[in-house]
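**Q** Whatever this is, show me its structure:
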Amino acid sequence: MSKIADFRAMNPDQLQDELLKLKKEQFNLRFQAATGQMEKTHRVGEVKTAIARIQTLLREKRSA
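**A** Predicted coordinates for the structure are as follows:
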């Protein structure tokens, strides 16, 4: 999906929007897993990693 270089090119507002989108996706994936409808199980880890990367970048940009 998105690489760290793509995230670094975004401004903080864009990162917040992407973070919100990923958190919604994470919620939906959790819901699918609970109901047994999940097809792409690998996506859970990818979304979790992307959220962590964005949060790290936001923290870096705030302190800079």
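**Q** Check which element follows the lengthiest helix in the chain along the chain.
**A** Secondary structure of the chain per DSSP state H: the longest helix is helix 12-35. Going down the chain from helix 12-35, the next helix or strand is helix 42-63, by DSSP states H and E.
**Q** and that next one, which residues are buried?
**A** Neighbour counts using 16 or more other Cβ atoms under 10 Å place 43-44, 47, 50-51, 53-54, 57-58 of helix 42-63 among the buried residues. C-beta here means a position set from N, CA and C on the backbone, and glycine is covered the same way.
**Q** can you put these in CSV and add pLDDT and distance to Q14?
**A** Shown next, in CSV, are the buried residues of helix 42-63 (pLDDT from 0 to 100; distance: Cβ to Cβ, whole Å):
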residue, pLDDT, distance to Q14
R43, 95, 22
V44, 95, 24
V47, 96, 18
A50, 95, 14
I51, 97, 15
R53, 95, 14
I54, 96, 10
L57, 95, 11
L58, 95, 11
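**Q** quick one: which of the residues you listed is nearest to K23?
**A** Nearest to K23 among those: I51, at 6.6 Å, using Cβ to Cβ.
**Q** Distance of the closest residue to that closest one other than its chain neighbours relative to A64?
**A** Nearest non-adjacent residue to I51, counting by Cβ to Cβ, 6 or more residues apart in numbering: L22, 5.1 Å away. Look at L22 and A64: by Cβ to Cβ, to the nearest Å, they are 23 Å apart.
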